[in-house]
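*Asks:* Sequence plus predicted model, see below.
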Amino acid sequence: MDRVNVYEVAPRDGLQNEHEVVPTEMKVAFIERLIAAGYTDIEVSSFVRPRWIPQLADASDVVARLPRDTGVTFWALVPNRRGLERALDAGMHAVATFMSASETHNLKNVNRTTRESLAGLREVIATAVAEGMRVRSYISTVFGCPYEGHVDVERTVHLAGELLAAGADHISLGDTTGMAHPQQVFDVLERLQGAGIPLDRLTLHMHDTRGTALANILAGLQAGIRTFDASVSGLGGCPYAPGAAGNAATEDLVYMLHGMGYETGLDLDAVCEAGLFIEDALGRKLPGRYHQYYRGSLDRRGARTA
Ligand code: MG
């Protein structure tokens, strides 16, 4: 059976965009539920400066409390050399770097030009690889920029090639504000493949801001992509538009994949339970469609009437 890997981003990309700061023990309990659901890859936190993202200031404590020998690869986001050092000190074996394809988004996000970011990340990646770590590199705003609009795909082709050459083993192509449509997904992937970048080194990180995340993922699947980023229950809104949807919801994706006959290794009900857990912890309704269906069906059966 054809296998698809779902890379879970909720503990990092989800929680960093939530207003509420979730206590460390609650984060660990959430990640333990994700581990039990059958993931191979979970992005657990971020070693960016705590002042930038107070929601994830406890990254080292979270990592220290994670169970050992689970067979799951735990990933953490690192912005620069200092973040990498903190990740190493915490005992991480896998890190994710990030930069944007569009100049303006990169400047606003990390206060550097894309040229400066790339130079810095080359060094970070080389150091991480020398330390025996796995590295994935996010490229944001691949399918459009909230400031510039259209982003030339050649910028992504260039960055992806450079980041892979520096030692990253995967590039995650981010539709940061959910601007992509399926034809664009086909086109971008074709250009990357044409430039010699193999599809098995690429991941799609789609956002549902305009309701197209799952359609875009399906396009990626049809084009041959077999790794997708997703966030339980669509955790993490859109930082550019309060109230709007953000990350593609894991449950929606897994339901679709299993229905189509793909194997993910995930137990959909266990993923749903993790979603209910974090929704209760946050005390706000999460946007995932399957998540809402699941909660509604339990409520109707009286299993969760509080
Ligand atoms: Mg995201």
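*Replies:* Happy to help now that I have it. Numbering: from 1, shown residues only.
*Asks:* for the closest residue to the ion within the stretch 201-306 of the chain, which residues make a bridge with it?
*Replies:* Proximity of the stretch 201-306 of the chain to the ion (C-beta to the ion) peaks at N247, 4.5 Å away. Where C-beta positions appear, they are placed from N, C-alpha and C, glycine not excepted. Beta-bridge pairing of N247 under DSSP bridges involves H207.
*Asks:* for A94, same thing?
*Replies:* When bridges are taken as DSSP bridges, the partners of A94 come out as R134.
*Asks:* circling back: in contact with the residue of the stretch 201-306 of the chain closest to the ion, which residues?
*Replies:* 9-10, 13-14, 205, 207-208, 213, 229-231, 234-236 (C-beta atoms under 8 Å, 6 or more residues apart in numbering).
*Asks:* can you redo those as CSV with distance to E103, secondary structure and pLDDT?
*Replies:* Compiled in CSV, the contacts of N247 are given as follows (distance: C-beta to C-beta, whole Å; DSSP: H, G, I helix; E, B strand; the rest coil; pLDDT from 0 to 100):
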residue, distance to E103, secondary structure, pLDDT
V9, 25, coil, 98
A10, 30, helix, 98
D13, 23, helix, 95
G14, 27, helix, 95
H205, 20, strand, 98
H207, 20, strand, 96
D208, 26, coil, 96
A213, 25, helix, 97
D229, 24, strand, 98
A230, 28, strand, 98
S231, 27, strand, 98
G234, 29, helix, 96
L235, 29, coil, 95
G236, 25, coil, 89
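*Asks:* quick one, strands of the stretch 201-306 of the chain?
*Replies:* Remark: strands of the stretch 201-306 of the chain, listed N- to C-terminal, are 202-205, 227-230; assignment by DSSP state E, counting those that start in this stretch.
*Asks:* Please identify which of the ones you listed is closest to D41.
*Replies:* With distances scored as C-beta to C-beta, the stretch of the strands of the stretch 201-306 of the chain nearest to D41 is strand 227-230 (8.4 Å).
*Asks:* so what does the closest one touch, helix or strand wise?
*Replies:* Under the contact criterion of 3 or more C-beta pairs under 8 Å, 6 or more residues apart in numbering; DSSP states H and E, strand 227-230 touches strand 5-8, strand 202-205, helix 213-223, helix 250-259.
*Asks:* try it again with 7 Å
*Replies:* Contact partners of strand 227-230 among helices and strands, from 3 or more C-beta pairs under 7 Å, 6 or more residues apart in numbering; DSSP states H and E: strand 5-8, strand 202-205, helix 250-259.
*Asks:* Rebuild the ones you listed as CSV, extending it with distance to the ion and mean neighbour count.
*Replies:* Below are the helices and strands packed on strand 227-230 laid out as CSV (distance: least, C-beta to the ion, whole Å; neighbours: other C-beta atoms under 10 Å):
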stretch, distance to the ion, mean neighbour count
strand 5-8, 11, 23
strand 202-205, 6, 25
helix 250-259, 12, 21
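*Asks:* Of these, which is nearest R33?
*Replies:* Go through the helices and strands packed on strand 227-230 one by one with C-beta to C-beta and the one that ends up closest to R33 is strand 5-8, at 10.9 Å.
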